[in-house]
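[1] structural data only, the sequence is not supplied:
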């Protein structure tokens, strides 16, 4: 969040999934954004950074030697509000009312 002359503004954030050869050097990834999660078993890390800088950061991270692959998260682009879907209990009530 940034304050701009008394107005509270939210910065759009997006996740990057970074697949690693080794988890040993994950502290290096902290300088690119907020290191949110590291899976030692599956060897990946999730980093959140500003949406405006996502392409430049992904290219820079991909050049690091212990990084296999960098994938952006598509969650900001997925619609999370569902319309026209009935909840399970509403469907059950309709079935009970018909009997």
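    Thanks, I have the structure now. Keep in mind the model is a prediction, meaning the values are calculated, not measured.
[2] which residue ranges form the helices in the protein?
    54-62, 88-98 (DSSP state H).
[3] comparing the ones you listed, which yields the minimum mean pLDDT?
    For the helices of the chain, mean pLDDT drops lowest on helix 88-98, to a mean of 66.
[4] now do the contacts for the closest residue to residue 36 other than its chain neighbours.
    Leaving out its chain neighbours, the residue that sits closest to residue 36 by Cβ to Cβ, 6 or more residues apart in numbering is residue 46, at 4.6 Å. No exception for glycine: its C-beta is placed from N, CA and C like everyone else's. Residues near residue 46 by Cβ atoms under 8 Å, 6 or more residues apart in numbering: 15-18, 35-38, 73.
[5] 7 Å instead?
    Contacts for residue 46 (Cβ atoms under 7 Å, 6 or more residues apart in numbering) come out as 15, 17, 36-37.
[6] which of those are buried, as a PyMOL select command?
    In PyMOL, this line selects whichever of these come out buried by 16 or more other Cβ atoms under 10 Å:
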select buried, resi 15
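[7] ok, the contacts of residue 46 vs residue 52, which is closest?
    Using Cβ to Cβ, residue 15 comes nearest to residue 52 of those, at 14.5 Å.
[8] next up, the contacts around the most centrally placed residue in the chain.
    The residue lying closest to the centre of the chain (Cα atoms, centre = their mean) is residue 15, at 3.3 Å. Counting by Cβ under 7 Å, 6+ apart, residue 15 makes contact with 46-48, 73, 75.
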